[in-house]
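S.K.: here is my input, please return the structure:
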Amino acid sequence: MANQEASTPIYSIGVVKKRTELTGRQIRYYEECDLVKPARTEGNQRIYSENDIKRLTEIKKLLDEGLNIAGIKKKIGTAGEMANQEESTKSSAYDGRLLNKFDRGGRKGLTSLYPVSNRAQLYEVLDKKNKNN
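M.R.: Numbering: from 1, shown residues only. Next comes the predicted model:
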């Protein structure tokens, strides 16, 4: 639950500037470099999570230590890679829960195993079904 709260985007760029001591231009530049990927409001304004702030602070520290942008990407990866890793972790955790349910005799709830092109959508449907039961 705490991890979910840390990934919830709630901070404006003004708050992020104060907390990280970075300029707005620096923060936007790191976004252009795919080091951070803030969420957007319906009005297209950037909003940042606690995880984004931690990442920006880490980027600042690495720059102070003498790493360039390419070196930082090698060390901590890009925002896109981070998002893929988070999705993979969620997927693996859900797969484990499904297998545990299957192994505990919940076989009547699982009637088939088949490849799915959109796992996230399948997980949402299964979660809704499990909550209704």
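S.K.: hey, let's count contacts and neighbours off CA atoms from now on
M.R.: Noted.
S.K.: count of residues packed around residue 6?
M.R.: Applying other Cα atoms under 10 Å, we find 16 residues neighbouring residue 6.
S.K.: list the contacts for it?
M.R.: By Cα atoms under 8 Å, 6 or more residues apart in numbering, the contact set of residue 6 is 49, 50, 51.
S.K.: so in the chain, where's the weakest helix or strand by average pLDDT?
M.R.: Here the helix or strand of the chain ranked lowest by mean pLDDT, DSSP states H and E is helix 79-103, holding a mean of 60.
S.K.: list the buried residues for the next helix or strand after it?
M.R.: Scanning forward in sequence from helix 79-103 by DSSP states H and E, the next helix or strand is helix 119-132. Buried residues in helix 119-132, counted by 16 or more other Cα atoms under 10 Å: residue 123.
S.K.: what packs against helix 119-132?
M.R.: Judged by 3 or more Cα pairs under 8 Å, 6 or more residues apart in numbering; DSSP states H and E, the packing partners of helix 119-132 are helix 79-103.
S.K.: could I get the contacts of residue 6 as JSON lines with secondary structure and pLDDT?
M.R.: Shown next, in JSON lines, are those (DSSP: H, G, I helix; E, B strand; the rest coil; pLDDT from 0 to 100):
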{"residue": "49", "secondary structure": "coil", "pLDDT": "93"}
{"residue": "50", "secondary structure": "helix", "pLDDT": "94"}
{"residue": "51", "secondary structure": "helix", "pLDDT": "93"}
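S.K.: by neighbours, which of those residues wins?
M.R.: Busiest of those [other Cα under 10 Å] is residue 49, holding 21 neighbours.
S.K.: excluding chain neighbours, what is closest to that one?
M.R.: residue 9 (3.9 Å; Cα to Cα, 6 or more residues apart in numbering).
S.K.: show me what contacts the one you found?
M.R.: 38, 39, 47, 48, 49, 50.
S.K.: apply 7 Å and report the result again.
M.R.: Residues near residue 9 by Cα atoms under 7 Å, 6 or more residues apart in numbering: 39, 47, 48, 49.
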